[in-house]
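1. can you look at this prediction? I've put the sequence above it.
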Amino acid sequence: MARRLISPCQGSGLLNAGFLGVFSSHHYHRLPLSSSHRSSQLKNCYLPNLRKEVCASLLLSDDNLMPPTQSRIGQDQPRLPCRYMSSARLASKRTTCSIATEPPPSTTEEPEMDLPKEIFLKEYKKPDYLFDSVNLEFQLGEDKTIVTSKIAVSPGTEGTSSPLTLHGRDLKLLSIKVNGKDLKVSEDYMVDSRHLTVSRPPGGTFNLEIVTEIYPQLNTSLEGLYKSTGNFCTQCEAEGFRKITYFQDRPDVMATYTCRIEADKTLYPVLLSNGNLIEQGDLEGGKHYALWEDPFKKPSYLFALVAGQLDCREDSFTTCSGRKVTLRIWTPGQDLAKTAHAMYSLKAAMKWDEEVFGLEYDLDLFNIVVVPDFNMGAMENKSLNIFQSRLVLASPETATDGDYAAILGVVGHEYFHNWTGNRVTCRDWFQLTLKEGLTVFRDQEFSSDLGCRTVKRIADVSKLRTYQFPQDAGPMAHPIRPHSWTIFIPGAEVVRMYKTMFGASGFRKGMDLYFQRHDGQAVTCEDFYAAIQEVPPTPGQPVKEPMFIPIAVGLVDSTGKDMPLTSIYSDGMLQSLTSDGQPVFTTVLQFNKKEEEFIFNNIPEKPVPSLLRGYSAPVRLDSDLTESDLFFLLANDSDEFNRLLSVSCFKSSSLLLEIFNLRILAFLRWEAGQVLSRKLMLSLVADFQQQKTLALNPKFVDGLRSILRNTSLDKEFIAKAITLPGQGEIMDMMPVADPDAVHAVRTFIKKELALQLKDDLLSTVTNNRSSEAYTFNHDSMARRALKNTCLAYLASLNEPDTTELAFIEYKSATNMTEQFAALAALSQNPGQVRDDTLLDFYNKWQHDYLVVSKWFALQATSDIPGNVANVQKLLGHPAFDMRNPNKVYSLIGGFCGSPVNFHAKDGSGYKFLGEVVLQLDKINPQVASRMVSAFSRWRRYDESRQALAKAQLEMIVSANGLSENVYEIASKSLAA
């Protein structure tokens, strides 16, 4: 017996897939398999019964998911900011990027500021000149720093006579020479606020020497060379090197580097740069020097320098070829004990990259430096990674399980860049996903292999929903090729689709070919695609064609078991699904048309489809699965992610579903739960808006109770399964976002679940206490996660016994994970207990700036009524420093993460942020631009809120002296 799966799709929006599964006991194969009559019959018979409003484009209109082919470049796309960041990363945003065919005419009068220039991908031009080698000399001083660059220049194309244009910002030019001869201003070169242009360079190769004077002590932007807590430090990605010296500051100009650093030996005993240390010694006047050489070509954004008073943890790693690599993590002496986990993470990453991708480290030394003041989370400078403190420093007493996991992932990520980003870099910033998307995929796989793959996959998809999908529905929407921080996440999903389609072995062969072809080059997305496309060969397809959306599917029978799959009809052909003669239980359907039909053969009964297993493609999936089907998947699906999906999408009587199906044998369960939860929440939001009495569906409560009591499930999986979708996720599903209604409904559900499941929650907390010493492993983390989730539910009741329980857990905690979770549970409810416990926590940890940042964030993100006044007060707290990005992200960014307070009806949240952005812009424009992006979706709200938010954006863009960074984001948001 055959079962039919039809996917009709119509035009639509980003990352949406229409996937209406039609399963019936009819023998559909009796119809002709390839005839227009058959298609007409099917449409007439079945489409009237399908919910057409849930159809969306699957493939052809979705540029974001298609492999980067040359034909894409000429298509019109939105204008995009030339910027990028990760969840902890933000780089320069001086220009805006677009891949439109022509720059549109200006329709508005330009403000009196230096507007960012718009750049188009079609305008890419190879550099007229190449830099073969770069020798840098730094004389670090307390008032100023002198930088000398000596560059071996060669023509990019034979016979070029073009001027040589160099980038430069905030530099004082002292001298410039070509082949030892001083150049004269106006006659030989021109200088403006952004460029130095050598009018008539010599023909052939020549030597260029430039001496500049810079002032790192005054550089609060934290780009280029600056000082952090007394130490010199650099940040050059994406365009920071031009703040050090005049240079062709673009990623396709690659050169070998030497770097000589001179400084006071007492103040700066440690002098570090890229590559290997080849010479060091003392100089007159209490100074010393160090000479570093990096033999591998790199672009300027990977240059790094650190000088200061630092101690190091040293270890070593023996590579697969037997070479011994020295590993050092540098930090202020008092923090040295907190670097053990980061060192473990580095060695684990080096070993994993050898085993999984066959990639060996290429130098004799690898350094990591920890700095407290850093715009990004971390930076992959060749052999000299620089990290924000919170992503290296950890101890059980001061760091949570989440911190430990983040350190593991980010240390791995930056190390993996040694090959995917450094040895093979991107040609231009439009290709950023080539290094970041690929490297995020690699760090996700690394963390999955070292932890629980299901839980990691759930976390990654949650980020995709929380951060990427909302942006794709707003004015900052864009394909993965132009650069913005969120391309890291969907870029990784595109890479994952390659692996899904070609399998682990085929994907590895493609990666091997990519490195073989392009080592030492600056390349494009097409180059990666070509390597993956070439291997392995597909039977019957000598010429490769794009494969766009891989949908992993399983069928579940009435007993809850996966059904064996043996063959399928597709495109009028019967295809075997067996592996080594044995049936499979999950198969991947490859979609490359607007409508696809698959008929499963030899299916004895009507199944319930388990769709998009393993989250095989980053799409939003609409299905006609019923609530009964979802409850069935929640209880039975072998893919736990889809079980969780069921819990979180039970939201209304409508059958509209959003299914994000993740890890096979785990993920689909989670997703089924999420679908149910979202449906429930949306339904109750509608009731709340109509002033109806709220009531919780008993089946939903029983479903969560069964999960809590299921001892066969992973504990961290249970914790995620019983966690409700966030307020932002629900608001994104509403035609007009209503923060007050969503907050009220989520609070109601949480308290009602706590009340009805109180006994189960109490026993779970009790049964998951442990007196053992803290260990960072999956079982221990899972136990703590489940206990802390249940404690948060109980504390939400704000009853004397549950409040006392949370306070006992706070006082008895022996690690930061459990202490901070108990503090967060107590902080849900305003009152004296909350205030006293927060003060107690601060008094205990005021000496540790990373823990204090957690304390700021906890208060800022609180949903207690009128929290804006408390956050305003905290701006004046002695521990808060507007110059420290981490504290800004914790307090100001944290406040924007509370929808009910940031979007307060009286506009107080908007007013607070508008004023702070202007203050912050004078100090650090990058961080300020990140904060102003909270306004980007202001049109999603009611008219009153729109007017209030618009007023703040207008105030910001009209401010005198506004930075390009902030103007770019604010003006784009205003024009949306």
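-> Sure thing, it's come through.

2. for this protein, which spans come out with low pLDDT?
-> Across the chain, the ranges flagged by pLDDT under 70 are 1-118, 469, 471-474, 476-488, 536-548, 637, 639-668.

3. cutoff 80 now
-> 1-119, 465-490, 536-549, 592-594, 614-615, 617-622, 631, 633-669, 671 (pLDDT under 80).

4. longest helix of it?
-> helix 488-518 (DSSP state H).

5. which helices and strands sit right next to that one?
-> helix 340-357, helix 432-450, helix 453-463, helix 525-534, strand 549-556, strand 587-591 (3 or more Cβ pairs under 8 Å, 6 or more residues apart in numbering; DSSP states H and E). (Each C-beta comes from the backbone N, C-alpha and C, glycine too.)

6. which one of the ones you listed lies nearest to residue 634?
-> Closest to residue 634 of these, according to Cβ to Cβ: strand 549-556, at 11.4 Å.

7. may I have the strands that pair with the helix or strand just after the longest helix of the chain, each with its orientation?
-> Going down the chain from helix 488-518, the next helix or strand is strand 522-523, by DSSP states H and E. Strand 522-523 pairs in its sheet with strand 425-426 (parallel), by DSSP bridges.

8. sorry, back to before: how far does the longest helix of the chain sit from the chain's center?
-> The chain centre lies 19 Å from the centre of helix 488-518; the measure is Cα atoms, centre = their mean, to the nearest Å.

9. what comes up buried for it?
-> Buried positions in helix 488-518, judged by neighbour count with 16 or more other Cβ atoms under 10 Å: 488-502, 506-511, 513-515, 518.

10. where do the strands sit along the stretch 601-750 of the chain?
-> 608-611, 620-622, 667 (DSSP state E, counting those that start in this stretch).

11. am I right that residue 412 is in a strand?
-> No - read with DSSP: H, G, I helix; E, B strand; the rest coil, residue 412 is helix and lies in no strand.

12. which ones are touching residue 387?
-> 342, 368, 369, 370, 371, 374, 377, 378, 379, 410, 411, 414 (Cβ atoms under 8 Å, 6 or more residues apart in numbering).

13. relative to residue 241, how far out is it?
-> Distance, residue 387 to residue 241, using Cβ to Cβ, to the nearest Å: 19 Å.

14. again with residue 881
-> Distance from residue 881 to residue 241, by Cβ to Cβ: 27 Å.

15. which of the two has more neighbours?
-> Per other Cβ atoms under 10 Å, whichever of residue 881 and residue 241 has more neighbours is residue 241, with 27 against 14.

16. that one reaches residue 301, doesn't it?
-> Yes - look at residue 241 against residue 301 with Cβ atoms under 8 Å: they come within range, at 6.4 Å.

17. shared neighbours of these two, anything?
-> By the contact definition Cβ under 8 Å, 6+ apart, residue 241 and residue 301 are jointly contacted by residue 249.

18. touching the host helix or strand of residue 260 from outside, list them.
-> Secondary-structure assignment from DSSP H and E places residue 260 in strand 255-264. Here strand 255-264 makes contact (Cβ under 8 Å, 6+ apart) with 130-140, 151-152, 232, 271, 273-275, 283, 286-298, 303, 305, 307.

19. show me what the following helix or strand past that strand is packed up against.
-> Using DSSP H and E, the next helix or strand after strand 255-264 towards the C-terminus is strand 270-273. Here strand 270-273 touches strand 255-264, strand 287-298, strand 305-308, going by 3+ Cβ pairs under 8 Å, 6+ apart.

20. so after strand 270-273, what's the next helix or strand?
-> strand 276-282.

21. so what's the gap between that following strand and the chain middle?
-> Put simply, strand 276-282 sits 38 Å off its chain's centre (Cα atoms, centre = their mean).

22. cool, and stretch 363-377?
-> 19 Å.

23. who wins for proximity to residue 867 among the strands of the stretch 601-750 of the chain?
-> For those, proximity to residue 867 was assessed by Cβ to Cβ; strand 620-622 is nearest, at 31.8 Å.

24. for that closest one, packing partners?
-> Using 3+ Cβ pairs under 8 Å, 6+ apart: strand 620-622 touches strand 16-18.

25. residue 737: how many residues sit nearby?
-> Neighbours around residue 737, by other Cβ under 10 Å: 21.

26. wait, it touches residue 743, no?
-> No - using Cβ under 8 Å, residue 737 is not in contact with residue 743, being 11.3 Å away.

27. tell me the contacts of residue 498?
-> 507, 510, 532.

28. run through the residues that contact the second one.
-> If I follow you right, that is residue 510. Applying Cβ under 8 Å, 6+ apart, the residues near residue 510 are 498, 502, 531, 532, 533, 534, 535, 536.

29. got the contact list for the closest residue to it other than its chain neighbours?
-> Nearest residue to residue 510, sequence neighbours excluded (Cβ to Cβ, 6 or more residues apart in numbering): residue 532, at 3.7 Å. Contacts for residue 532 (Cβ under 8 Å, 6+ apart) come out as 498, 502, 507, 510, 511, 514.

30. which of the residues in stretch 169-181 are buried?
-> In stretch 169-181, counting by 16+ other Cβ under 10 Å, buried: 169, 170, 171, 173, 176, 178.

31. so the fourth one touches residue 191, yeah?
-> Same thing as residue 173. Yes - proximity of residue 173 to residue 191 meets the contact threshold set by Cβ under 8 Å, at 6.1 Å.

32. shared neighbours, these two?
-> Counting by Cβ under 8 Å, 6+ apart, nothing touches both residue 173 and residue 191.

33. re the thing from before, between the buried residues of stretch 169-181, which is closest to residue 851?
-> Scanning these for proximity to residue 851, where the rule is Cβ to Cβ, the winner is residue 170, at 35.0 Å.

34. quick check, that closest one in contact with residue 246.
-> No - in this structure residue 170 lies outside contact range of residue 246 using Cβ under 8 Å: 11.5 Å.

35. joint contacts of the two?
-> With Cβ under 8 Å, 6+ apart, residue 170 and residue 246 have no common neighbours.

36. distance check, residue 741 against residue 129.
-> Residue 741 is 60 Å from residue 129, by Cβ to Cβ.

37. actually, residue 122.
-> Counting by Cβ to Cβ - residue 122 and residue 129 are separated by 22 Å.

38. just residue 190 next, same as before
-> 16 Å.

39. which of those two has more residues huddled nearby?
-> residue 129 (23 against 14).

40. can you pull out the helices in the stretch 851-976 of the chain?
-> 867-874, 885-888, 894-896, 899-902, 908-921, 925-932, 943-957, 964-975 (DSSP state H, counting those that start in this stretch).

41. and residue 895, how many neighbours?
-> 28.

42. what do you get for the one 4 residues further on?
-> Other residues lying near residue 899 total 22 when counted by other Cβ under 10 Å.

43. and it, what is it in contact with?
-> Here residue 899 is in contact with 727, 728, 731, 739, 742, 743 (criterion: Cβ under 8 Å, 6+ apart).

44. go again with 7 Å.
-> 727, 728, 731, 739, 743 (Cβ atoms under 7 Å, 6 or more residues apart in numbering).
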